[in-house]
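>>> Pasting a predicted model and its sequence here:
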Amino acid sequence: MTDELAWETLERNVAYSCAGFDVRNERVRFPDGTDAEFDYLAEGESVVVLPLTPDGDVVVIEEWRQAVGRVNRGLPAGSMESDDADPEVAARRELAEETGYEAGSLEHLTTVEPANGFADAVFHYFVARDCEQTAQQDLDGNESIRVATTTLDELLDAAREDELRDGRTVTGVLYYALFER
């Protein structure tokens, strides 16, 4: 049964494509019968990992973010790839690639659509426990990442003081502190 609020998609095109995302243009019909165009960012599914060491510290990354022109502190994250069997596989891969750490165990925290008014992005959040550094980073060509550790309390303080700016990280840290800690 279709919801009475649903829009009907009449036509779908890719207006722009690059590595990482597409901009899609759709001709849609609203419930009142009016036709219009709707553009959105097509990014797909990603994973975000809150890695905890055996001592309870959090493994974080510091990464250059060109769109905002600064280094941001955040949690390891990345897009699911076509050969990822499920989000857990992607989470383990991204953690290892970006930090060189491997998780003793991995647990799903939540899944969110962070900006579903203009993007189809889906973020799968995981907490990785007993993380140990087992290898060197294996970064993509467009990644500039430094690895560090901190405490959960320090990340919470940074979020409170408006110093933790990465939205994926703020969501993961606050979710964990609120529901899982």
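Happy to help now that I have it.

>>> What are the phi and psi values at the residue lying farthest from the centre of the chain?
Distance from the C-alpha centroid of the chain peaks at residue 33, with 35.9 Å (CA atoms, centre = their mean). Dihedral pair for residue 33: phi 90, psi -10, per degrees, to the nearest 10.

>>> buried set for stretch 72-88?
72-80, 84, 87-88 (16 or more other CB atoms under 10 Å). Every C-beta, even on glycine, is put in place using the N, C-alpha and C of the backbone.

>>> Three-state assignment for residue 162, please.
The three-state assignment at residue 162 reads coil, by DSSP: H, G, I helix; E, B strand; the rest coil.

>>> Counting neighbours, what do you get for it?
Here the count is done by other CB atoms under 10 Å, and residue 162 has 7 residues near it.

>>> cool, and residue 12?
Counted with other CB under 10 Å, residues neighbouring residue 12 total 12.

>>> If we ignore the residues flanking it in sequence, what's nearest it?
Nearest non-adjacent residue to residue 12, counting by CB to CB, 6 or more residues apart in numbering: residue 26, 5.0 Å away.

>>> show me what contacts the one you found?
9-13, 37-40 (CB atoms under 8 Å, 6 or more residues apart in numbering).

>>> And the buried ones among the residues you listed, selectable in PyMOL?
Only the buried entries of those go into this PyMOL selection, using 16+ other CB under 10 Å:
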select buried, resi 40
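
>>> would you list the contacts of residue 26 in CSV and tack on distance to residue 155?
Below are these laid out as CSV (distance: CB to CB, whole Å):
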residue, distance to residue 155
9, 40
10, 45
11, 45
12, 40
13, 41
37, 41
38, 37
39, 35
40, 31
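
>>> Can you list which of the contacts of residue 26 are found in strands?
Using DSSP state E, the subset of those located in strands is 9-13, 37-40.

>>> Run through the strands of the chain in chain order.
Taking DSSP E as the test, the strands found in the chain are 8-18, 21-29, 35-42, 45-51, 58-65, 70-74, 77-79, 101-102, 105-112, 122-129, 132-133, 145-150.
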